[in-house]
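>>> predicted model follows, preceded by the sequence.
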Amino acid sequence: MKRLFALMFTFAVLASSASAQTVAFTNVNVIPMDRERVLANQTVVIKNGLIAEIGDAKKVKLPKDAVRIDGAGKYLIPGLVDMHTHLLSDSDEFPDSIGPAELRVMVANGVTTVRFMIGTPELLALRSRSAKGEIEAPTIFVASPHLTGREQGNNFVVNTPEEAREGVRKSKAAGYDFIKITTFIKAEVYEAAVDEAAKQNIRVVGHADSRFVGVERAWKAKQQIEHLDGYMELLLRDDAPMKGSVSDLYIYNPENWKSFEYIDESKIPEVARRTVAANPYVNPTHHFMKNSFGRLRTEEEIRKQPDFRFYPAKVQQQWLDFYKKNRFINTVPLDQRARWIQLREKLIKAIYDAGGRIMTGSDTPEFLWLYGFGMHHELKALKDAGLSNYAVLEAATRNPSMFLGTIDKVGTIEKGKRADLILLNANPLDNISATENRAGVMLKGKWHSQQELNAWLDQAAQAISTSFKEHKPGN
């Protein structure tokens, strides 16, 4: 028994020393994200999980016990933030036990902070375990089970003002970080939720359902809007014969795509101005929308994705069948899809130009787009929308940290901030795809080489792809 306690003490000491390890990135180029610049040939010293010193490599004296990481020719950026994601294990088809492996996939892709957008008790437990250092996982924020007018899973069905207020109160009491709003919510129910959220001091985020709520009401509530929901409807001409365009669930009706004949692009600058005045933080989840609905993906293209292997064979086939058989997928003309993408990108750029703070969100893992990998797709999609490489990096680092209220702790590379960092082999200010060419990731002050992270990915792919739970009829 004494030997057992001695071993346990030894392991505890080793774990503690690993988290308290002193690390120095030497001769590295730093992109601090406080403004657009590169600090060349720097030494960055990490102690106790925090950035202890940044300075000219010729002048900074290295601590004797520091583990040195050669950064010559490499670039150090803050860790990435995914402001809209989910887990496969959120559903009944996957066990909760794969949650830590799913989170490792995110870290292996450089994602060090995440916001889960439909909450569950399991996600709250993972948030706690991450904060305590029990699992290797991003810093986690969790929105509430979504408030909706119809049963959709992981939700509060709210069809009266009092039901909305109760949903908000329960979410606040449970410890969720935000109130998530989705669809089928009547205007008076939405307004009751917003009013109660203000009383409970918790922010409202999510959809702006064009049928019942609308962007104008969401603006008045200063809600942080996801997906650019409701924005296409704002661009319809006054003489348009339809009220619905291509936002949210309207997307699935091929008839709504004909609304582009009635779009007035001259409205975009004013829409952008009012967006920024109401709430400048906008999370368009542009890659997910663009490449799930705006483009046609071939089976060959999907199978070549590096994240395809993570999905169980049955899930792979379900989505491949969806793409082949779905009426919407096969009937909307390509020119209408291209027009939709173009309009979304003009809105994103206009909001940015008006002073908006664009944020990155992958909205994974549906449609065979996996978390972690999806973040890099989103960076490229925002670049395609006209944002500079620096603005795209802001959307993935500084802006989300400002929205989350953590910019004093993380989001830029500055002395005293948490060491959530990515070491890149190339300059992302030259090519945003450099974020996919990593030498390693530092998570909360602990260094993981990309070789180690690739091993994590292999382990996670095996764990996740074999975890699908078959449901027998009647279960």
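Perfect, thanks for sending it. Numbering: from 1, shown residues only.

>>> please make it C-alpha for all contacts and neighbour counts, starting now.
Fine.

>>> next one: whichever helix in the chain runs longest to chain centre, how far?
Once the chain is assigned using DSSP state H, the helix that runs over the most residues is helix 334-353. Distance, stretch centre to chain centre, for helix 334-353: 20 Å (CA atoms, centre = their mean, to the nearest Å).

>>> strand partners (parallel or antiparallel) of the helix or strand following it?
Next along the chain after helix 334-353, taking DSSP states H and E as the criterion, comes strand 357-358. Paired with strand 357-358 in the same sheet, following DSSP bridges, are strand 281-282 (parallel).

>>> what sits up against the longest helix of the chain?
228, 246, 257-258, 260, 268-269, 272-273, 275-276, 284, 286, 290, 293-295, 357-358, 384-387 (CA atoms under 8 Å, 6 or more residues apart in numbering).

>>> which residues in the stretch 201-350 of the chain form helices?
When secondary structure is read from DSSP state H, counting those that start in this stretch, the stretch 201-350 of the chain shows helices at 214-221, 231-234, 268-278, 286-289, 299-303, 313-325, 327-331, 334-353.

>>> most packed of the ones you listed?
Across these, the average number of neighbours (mean count of other CA atoms under 10 Å) peaks for helix 286-289, which reaches a mean of 25.

>>> which other helices and strands does it contact?
The helices and strands touching helix 286-289, judged by 3 or more CA pairs under 8 Å, 6 or more residues apart in numbering; DSSP states H and E, are helix 373-384.

>>> mind giving me the packing neighbours of whichever helix or strand comes after the helix it packs on?
As assigned by DSSP H and E, the chain's next helix or strand after helix 373-384 is helix 389-396. Packing partners of helix 389-396 (3+ CA pairs under 8 Å, 6+ apart): strand 80-85, helix 373-384.

>>> and the ones you listed as TSV, adding distance to residue 460?
Converted to TSV, these look like this (distance: least, CA to CA, whole Å):
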stretch	distance to residue 460
strand 80-85	17
helix 373-384	13
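
>>> how about those, which one is nearest residue 27?
strand 80-85 (22.4 Å; CA to CA).

>>> neighbours of residue 173, how many?
10 (other CA atoms under 10 Å).

>>> and residue 34, by the same measure?
12.

>>> burial count for residue 285?
Neighbours of residue 285 using other CA under 10 Å come to 26.

>>> so what's it up against?
Here residue 285 is in contact with 84, 226, 227, 360, 361, 362, 363, 378 (CA under 8 Å, 6+ apart).

>>> same list, the residues you listed, but as a markdown table with distance to residue 68 and neighbour count please.
Conversion of those to a markdown table gives the following (distance: CA to CA, whole Å; neighbours: other CA atoms under 10 Å):
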| residue | distance to residue 68 | neighbour count |
| --- | --- | --- |
| 84 | 35 | 26 |
| 226 | 41 | 25 |
| 227 | 42 | 22 |
| 360 | 32 | 30 |
| 361 | 33 | 31 |
| 362 | 33 | 30 |
| 363 | 36 | 29 |
| 378 | 32 | 26 |
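
>>> surely residue 159 is in contact with residue 151?
No - if you go by CA atoms under 8 Å, residue 159 and residue 151 don't touch, sitting 10.9 Å apart.

>>> between those two, who's got more neighbours?
residue 159 (18 against 11).

>>> leaving aside the residues adjacent along the chain, what's closest to that one?
In this structure, residue 159 finds its nearest non-sequential neighbour in residue 149, 5.5 Å apart by CA to CA, 6 or more residues apart in numbering.

>>> before we move on, what about residue 273?
Per CA to CA, 6+ apart, closest to residue 273 is residue 354, 5.9 Å.

>>> what is the burial count for that neighbour?
By other CA under 10 Å, 19 other residues sit near residue 354.

>>> just the contacts of residue 285 now: which is nearest residue 176?
residue 84 (14.9 Å).

>>> do you know the pLDDT at the closest one?
With respect to pLDDT, residue 84 scores 98.

>>> which residues does it contact?
114, 115, 116, 117, 285, 360, 361, 362, 363, 364.

>>> ok, the fourth one touching residue 180?
Yes - counting by CA under 8 Å, residue 180 is a contact partner of residue 117 at 6.9 Å.

>>> common neighbours of these two, please.
143, 144, 206.

>>> of those, closest to residue 447?
Nearest to residue 447 among the shared contacts of residue 117 and residue 180, with distances taken as CA to CA, is residue 143, at 28.9 Å.

>>> so what's the closest one up against?
Here residue 143 is in contact with 115, 116, 117, 118, 119, 176, 177, 178, 179, 180 (CA under 8 Å, 6+ apart).

>>> list the helices and strands the helix or strand containing residue 112 packs on?
Here residue 112 sits within strand 111-116, counting by DSSP H and E. Contact analysis of strand 111-116 by 3+ CA pairs under 8 Å, 6+ apart lists strand 80-85, strand 139-142 as its packing neighbours.

>>> so what are the sheet partners of the last one and their directions?
Taking DSSP bridges as the criterion, strand 139-142 forms sheet pairs with strand 111-116 (parallel).
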